[in-house]
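**Q** Could you look at this predicted model? Sequence included:
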Amino acid sequence: RAVVEKHEPFELSLDGVFEAERWARATTGDLLGEEPEVGAPFGGALPAIPDRPAPRIAFVSTNSITQGEQVAQLWPRLFRRARLEIAFAHRTFAWGSDARGVAHVHVVIVGLARRGQEPTEKRLFSYEKVGGDPVESRHPWLSPYLFGVEPQLDPHMVVREESRPINGARRLKTGVQMIDNGILTFLDHERAAFLAEEPAAEPYFREYLGGDEYINGFTRHILYLANANMREVRTLPLIADRIRQVRAYRTSSDRPSTKLMADTPMRVGVDERLTSDYLVIPNTSSEKREYIPIGWMTPASIANQKLRILPDASLWEFGVLTSATHMAWMRAITGRLESRYMYSVGVVYNTFPWPAATPAERKKVEALAQAVLDARSAHPDATLADLYDPDLMPPDLRRAHRKLDEAVDRLYRRTPFTGDRDRAEHLFGLYERLTAGLLATPAKAKRQRRVGAAV
């Protein structure tokens, strides 16, 4: 006998959010994460799980409870304090009505049981397409990320968000945040019209790319005035007017930090000014792609906050980050926007177990990483969206990626991985050792050096 609940959403108003959180806190106490209105039904339904043989309860929930930082906030409470186990689960699929105008949402189904009363085999239903039919598999344990866990791993382990890399990697940053309300931002035709009236403004325009522009091959522009000559700017009335508009916008803001910036209207909000080529990772990418399209940009272009940036990156870093191993880690633990991947610095990059490599192994990965870039360059008229479309990906690019994947896989173990699930399980084992090493003595940490080698 199963108890099934569907969590109805609250009204999307500020009062509704506060009402949802008050109800959630009263219902569940502290069994919540950053989204109490999502996690609350799990805690609130605990009394519905009676202490008798094989009781079950299942929820249809937004898939955020199995992704990103929410996992580390909710599931340890359910595992440790509520003594629950995942009995079965359906991975992300589309839930909605066939009625016109009714949106589909991406949800999961999670079945829970009291510890010691869960089935020996846990059933997992996976969907190749969110609107398709599921494929069933059976596992000794299911993780809160909804993949099978072998007995030698901790099924309760979660990846916690980290503010800095714990793996020896260099810090991944976020691109420029304008805080201009679009006043200094231009599409191609808007820039052309502006320059038709004020041609002398051309030196102040810079290409301005986010994830969408970078992947799909189009460009926006900004008036970048941080280093502008103030005397010259005063002779350019259209630019001067835009500066006044930015000051007015920031002055009227309710955010204290934005108000402070009203005194420097020629400066953008968060500005990472780079002097050499840098690696970029789009914040979001289609779940249909086998690889997130990662690559380089030049200092002539400015990355906005929709791109993660790694200054002075090497081919070694590009090779590992674009590999199937890193993609498997990302898919297993990152958050999603609907079904699209949202690349998290704190959850994915800062926690990823980098492989150790000899100089010769690094050199091989670098050569194969360059081969991927060369294969892209062989198709100059194609955008990254074209190149990484699973149905259109050129054979030479696919072969280059496969060779790179094999080389990176061998840095982790000599036995080939059977697929992404196998890679993820291996990485979770390394992560478990990596995080245990944070509390270890220096001598023990030295013996574990291969788990989190510096990059």
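**A** Noted; the coordinates are in hand. Residues are numbered from 1 along each chain as shown.

**Q** okay, CA-based contacts and neighbour counts for the rest of this
**A** Noted.

**Q** could you say what helices and strands the strand or helix carrying residue 108 packs with?
**A** Per DSSP states H and E: residue 108 is located in strand 105-114. Under the contact definition 3 or more C-alpha pairs under 8 Å, 6 or more residues apart in numbering; DSSP states H and E, strand 105-114 sits against strand 56-62, strand 84-95.

**Q** Just the element for residue 218, please.
**A** Residue 218 belongs to no helix or strand, assigned by DSSP H and E.

**Q** who does the strand holding residue 108 pair up with?
**A** Strand pairing for strand 105-114, determined by DSSP bridges: strand 56-62 (antiparallel), strand 84-95 (antiparallel).

**Q** about what we covered before: using CSV, lay out the helices and strands packed on strand 105-114 together with distance to residue 157 and mean pLDDT.
**A** Output for the helices and strands packed on strand 105-114, formatted as CSV (distance: least, C-alpha to C-alpha, whole Å; pLDDT from 0 to 100):
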stretch, distance to residue 157, mean pLDDT
strand 56-62, 21, 83
strand 84-95, 12, 90
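
**Q** where do the strands sit along the stretch 1-150 of the chain?
**A** 2-6, 56-62, 84-95, 105-114, 122-127, 134-139, 141-142, 148-149 (DSSP state E, counting those that start in this stretch).

**Q** got the angle between the strand holding residue 108 and strand 122-127?
**A** 180 degrees (axes from the mean of the first three to the mean of the last three C-alpha atoms, to 10 degrees).

**Q** any weak-confidence spans in the stretch 201-350 of the chain?
**A** Applying pLDDT under 70 to the stretch 201-350 of the chain flags residues 272-273.

**Q** Okay, buried residues for stretch 373-389 please.
**A** Of the residues in stretch 373-389, 373, 375, 376, 383, 384, 385, 386, 387, 388, 389 count as buried by neighbour count, 16 or more other C-alpha atoms under 10 Å.

**Q** Same check on stretch 137-148?
**A** 139, 141, 142, 143, 144, 145, 146, 147, 148.

**Q** could you dump those to a markdown table with distance to residue 359 and pLDDT?
**A** Shown next, in a markdown table, are the buried residues of stretch 137-148 (distance: C-alpha to C-alpha, whole Å; pLDDT from 0 to 100):
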| residue | distance to residue 359 | pLDDT |
| --- | --- | --- |
| 139 | 39 | 92 |
| 141 | 39 | 92 |
| 142 | 38 | 93 |
| 143 | 36 | 90 |
| 144 | 37 | 92 |
| 145 | 35 | 90 |
| 146 | 37 | 90 |
| 147 | 35 | 84 |
| 148 | 35 | 85 |
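
**Q** quick one on the thing from earlier: to residue 405, which of the strands paired with strand 105-114 lies closest?
**A** With C-alpha to C-alpha, the closest approach to residue 405 among those belongs to strand 84-95: 25.9 Å.

**Q** and the angle for the closest one with strand 134-139?
**A** Using the same axes, to 10 degrees: strand 84-95 against strand 134-139 is 170 degrees.

**Q** how about the nearest residue to residue 290, chain neighbours excluded?
**A** Nearest residue to residue 290 in three dimensions, chain neighbours excluded: residue 390, at 6.9 Å (C-alpha to C-alpha, 6 or more residues apart in numbering).
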